[in-house]
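J.: A structural model of the following input is requested.
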Amino acid sequence: QVPLVESGGGWVQPGGSLRLACAPSGRTVKNFNMGWFRQAPGKEREFVAARRGANNNLYYGDSVKGRFTISRDDAKNELYLQMNSLKPEDSAVYYCAGMGGSPIASTLRRAQAYEYWGQGTQVTVSS
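T.: Sure thing, here's the model as predicted:
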């Protein structure tokens, strides 16, 4: 098991920013494949962004490209999702996820491929 601890959700007005953090217990964030997904009420879990540990390749969902950015802090062993220009449709529970191995890009976009999940953190964008 790899517990993933998330933090940083909350409420923000449209156009605002939030940063989510995820800390994988027992794994080094630098080498671990990690992703962010979100799920709004009545909708399927949606791919947001992912990072391939072996080569630091980053991947983003079409709806967040150009607004969201993945980064990491090796000293703190944390992965971040910086969310800018937030819209009401970004409101959802955001989940951090992790998997081992050497996944290809398409695998990193699939929620079913991830072995480990955080508890989720609520992000609400409204005026």
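J.: On the three-state scheme, the most centrally placed residue in the chain is what?
T.: Among the residues of the chain, the one closest to the centroid is residue 36, at 2.2 Å (CA atoms, centre = their mean). What DSSP: H, G, I helix; E, B strand; the rest coil gives for residue 36 is strand.
J.: show me what contacts it?
T.: Applying CB atoms under 8 Å, 6 or more residues apart in numbering, we find residue 36 in contact with 20, 22, 48-50, 70, 81, 94-97. Just so you know, the C-beta spots here come from the backbone N, C-alpha and C atoms, and that holds for glycine as well.
J.: who touches the closest residue in space to residue 74 that isn't next to it in sequence in this structure?
T.: In space, and not counting its chain neighbours, residue 74 is closest to residue 30: 5.2 Å by CB to CB, 6 or more residues apart in numbering. Residues counted as contacts of residue 30 (CB under 8 Å, 6+ apart) are 53, 72, 74.
J.: Just the buried ones from these?
T.: The neighbour-count test (16 or more other CB atoms under 10 Å) marks 53, 72 as buried among these.
J.: for this structure, what spans make up the strands?
T.: Residue ranges of the strands in the chain, as given by DSSP state E, are 4-7, 10-12, 18-24, 33-39, 46-51, 58-60, 68-73, 78-83, 92-99, 116-117, 121-125.
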